[in-house]
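Asks: here is my input; please provide its structure:
(chains A and B)
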Amino acid sequence: MLQLTYIREKKDEAIERLAIKNFDAKPILEQVLELDNDRRKTQNELDAILNEANVLAKQVGELYKAGKKAEGDDLKNKSAALKESSKKLEEQLASIEKQQHTLLVQVPNTPSTKVPKGKTPEDNENVYQEGEIPKLPEGSKPHWDLAAKYDLIDFELGVKLTGAGFPVYKGKMARLQRALINFFLDRATAAGYLEIQPPIMVNAASGYATGQLPDKEGQMYHSTIDDLYLIPTAEVPITNIYRDVILKAEQLPIKNCGYTPCFRREAGSYGAHVRGLNRLHQFDKVEIVQVAHPDKSYETLEDMRNYVAGLLRDLELPFRILKLCGGDMSFASALTYDFETYSAAQEKWLEVSSVSNFETFQSNRLKLRFKEGDGKPVLAHTLNGSALALPRIVATMLENNQTPEGIKVPKVLVPYCGFELIN
RNA sequence: GGAGAAAUGGCAGAGUGGUCGAUUGCGGCAGUCUUGAAAACUGUUGAAGGUAACACUUCCGGGGGUUCGAAUCCCUCUUUCUCCGCCA
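Replies: The predicted structure is shown next:
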């Protein structure tokens, strides 16, 4: 959610920047400001009346104490009249605030000045590429065929147990999943991230604070009996740790990481391009989250970008980094880097990580602030990134590393899984 | 799941209808003393809205109510603790 003071002071800048996200903010922001004027006017009126009522109430008390009952009763009647108008104004104020909030939550975050213009993924800027695109020999297979050939992943069994998009990993593949999770967590802790094991169900308040609710309600699995949601990413519980928190400036930056399964309903996305591991309802991911000082958050973003690049390098996967254009960015992000690995048998790039700076967009809703000395609390910046999501890494790994003898395991994972070859 | 108790500022903990945004202690910050530190002493120390700055308003777990007036009384929800039951 954008900050009201920002809209008030820099409306034109906000409109201009939101245009890069192809969002026409003018009408909605003007309405917000109009409501803001109403809000302040109403608040002032209400405050004046409440003040009068407070003064009267005190006087009534004093008069009764002094034994002047008749005069006290007189003031009481006066006070009762004030109450009616204050009640009316309170209702009015609440309604204005609600309208304003409804509008505000519809406005996406303003993109950073570094964000390229554009509408579709084709307009994303390819800022970096590394690693050789492997040339696979004749007869190479996509990962779903390899999974079947070596009995690694059973998609049909998942359908029997749960439904489509809930695969069953078996034997060496299950072990490899575990190895990847441990490898990612070890790397993150070595880089200074505190490991967190959060709940994988959250309440509605958490969903609202990180922005999954209300607009993406349909994307989450919802246990209606207890009104809890299965998390779509560890970002939700880990970021919500800092909901309604005022930190000290010295505590920044805060670096947390966590492994969780992630659940996504992904309603309405079916077809050939989601075959195999490409898109699942349940998958595993290690997430990194940082809370940063506003002056440092873009440095932090570059750190996180380099960190993720290092993971892919160590896994020996060819990858590229895209700076997302305005049209392809998420609602809440100010700047996003997407990481894609090249899946040689499918002959396409697969998104494996997304690293973003949200600036104050999340912290405004979270009320996540920090204090410098005796200063006023200031909103902190939040950032997060996948480091990494497993399924597409596995897909790329299986396809790119296939040999006639079997599938080679990257060296860094061998100590974690205890084998060099899947056959 | 059943019975009882509780929820107050960073923490501990007073406050049961009137001047309480709240006694006090600890912690934090500033100062005095000291070469410096500690100790001691003095002062200061929540958040939101609002204002040029004041003023003013709101907040004592959340929501609602009674009253001229609520941290204090009532209703309701949530959470925590104790006992019992069940259980990995």
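Asks: give me the number of residues near the residue of the stretch 301-423 of chain A found nearest RNA strand B?
Replies: Minimum separation of the stretch 301-423 of chain A from RNA strand B (CB to the nearest atom of the strand) falls at residue A:377, amounting to 4.3 Å. No exception for glycine: its C-beta is placed from N, CA and C like everyone else's. Residue A:377: 13 surrounding residues under other CB atoms under 10 Å.
Asks: so the spatially closest residue to it that is not a sequence neighbour, which state does it fall into?
Replies: Distances taken as CB to CB, 6 or more residues apart in numbering put residue A:369 closest to residue A:377, at 3.8 Å, once the chain neighbours are dropped. Under the three-state scheme (DSSP: H, G, I helix; E, B strand; the rest coil), residue A:369 adopts strand.
Asks: one step back: just checking, the residue of the stretch 301-423 of chain A closest to RNA strand B touches residue A:370?
Replies: Yes: assessed by CB atoms under 8 Å, residue A:377 is found in contact with residue A:370 at 6.9 Å.
Asks: any shared contact partners between those two?
Replies: residue A:246 (CB atoms under 8 Å, 6 or more residues apart in numbering).
Asks: the stretch 1-150 of chain A against RNA strand B: which residues are in contact?
Replies: By CB under 7 Å from any atom of the strand, the part of the stretch 1-150 of chain A that sits against RNA strand B consists of A:40, A:43-44, A:46-48, A:50-51, A:53-54, A:56-58, A:60-62, A:64-65, A:76, A:79-80, A:83.
Asks: neighbours around the nearest residue to residue A:367 once chain neighbours are set aside, how many?
Replies: Closest residue to residue A:367 apart from its sequence neighbours, by CB to CB, 6+ apart: residue A:244 at 5.0 Å. Neighbour count for residue A:244, taken as other CB under 10 Å: 11.
Asks: same deal with residue A:218?
Replies: 10.
Asks: the residue nearest to residue A:367 against residue A:369, yeah?
Replies: No: taking CB under 8 Å as the definition, residue A:244 is not a contact partner of residue A:369, at 9.2 Å.
Asks: follow-up on the earlier one: now, the residues of the stretch 1-150 of chain A next to RNA strand B that are in helices?
Replies: A:40, A:43-44, A:46-48, A:50-51, A:53-54, A:56-58, A:60-62, A:64-65, A:76, A:79-80, A:83 (DSSP state H).
Asks: could you turn the buried ones of these into a PyMOL selection?
Replies: The PyMOL selection below is limited to those of those classed as buried (16 or more other CB atoms under 10 Å):
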select buried, chain A and resi 46+53+56+60+79
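Asks: now for the residue of the stretch 201-350 of chain A found nearest RNA strand B: which residues touch it?
Replies: Proximity of the stretch 201-350 of chain A to RNA strand B (CB to the nearest atom of the strand) peaks at residue A:246, 6.3 Å away. Residue A:246 makes contact with A:369, A:370, A:371, A:377, according to CB under 8 Å, 6+ apart.
Asks: next, format these as TSV and append pLDDT and distance to residue A:228.
Replies: Formatted as TSV, the contacts of residue A:246 follow (pLDDT from 0 to 100; distance: CB to CB, whole Å):
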residue	pLDDT	distance to residue A:228
A:369	90	27
A:370	90	30
A:371	85	33
A:377	89	30
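Asks: of those residues, which is the most crowded?
Replies: residue A:370 (25 neighbours).
Asks: just give me the neighbour total for residue A:325.
Replies: Neighbours of residue A:325 (other CB under 10 Å): 23.
Asks: ok, it touching residue A:126?
Replies: No: with contacts counted by CB under 8 Å, residue A:325 stays clear of residue A:126, the gap being 11.1 Å.
Asks: mind listing the helices in the stretch 201-350 of chain A by residue range?
Replies: Here the stretch 201-350 of chain A has its helices, by DSSP state H, counting those that start in this stretch, at A:204-209, A:235-240, A:297-314.
Asks: contact partners of the longest one?
Replies: With contact meaning CB under 8 Å, 6+ apart, helix A:297-314 is reached by A:112, A:128, A:130-131, A:184, A:187, A:191, A:253, A:288, A:290, A:292, A:319, A:321, A:335, A:337, A:339, A:341, A:352-353, A:355-357, A:359, A:381, A:383, A:385-388, A:410, A:412.
Asks: equivalent analysis for the first one, please.
Replies: Contacts with helix A:204-209, where a contact means CB under 8 Å, 6+ apart, come from A:213-214, A:220, A:227, A:229, A:236-237, A:239-240, A:243, A:362, A:365-366.
Asks: filter the residues you listed down to the buried ones, ChimeraX style.
Replies: Selection of the buried residues among these in ChimeraX, burial being defined by 16+ other CB under 10 Å:
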select /A:213,220,229,236,237,239,240,243,362,365,366
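Asks: farthest-separated two in the contacts of helix A:204-209?
Replies: A:227 and A:362 (22.2 Å; CB to CB).
Asks: quick check: phi and psi at residue A:330.
Replies: Per-residue torsions, residue A:330: phi -80, psi 160 (degrees, to the nearest 10).
Asks: okay but it is in contact with residue A:336, surely?
Replies: Yes: if you go by CB under 8 Å, residue A:330 and residue A:336 touch, sitting 6.6 Å apart.
Asks: where exactly do the strands run in the stretch 301-423 of chain A?
Replies: A:319-323, A:335-343, A:348-359, A:368-371, A:378-379, A:381-389, A:402-403, A:406-408, A:421-422 (DSSP state E, counting those that start in this stretch).
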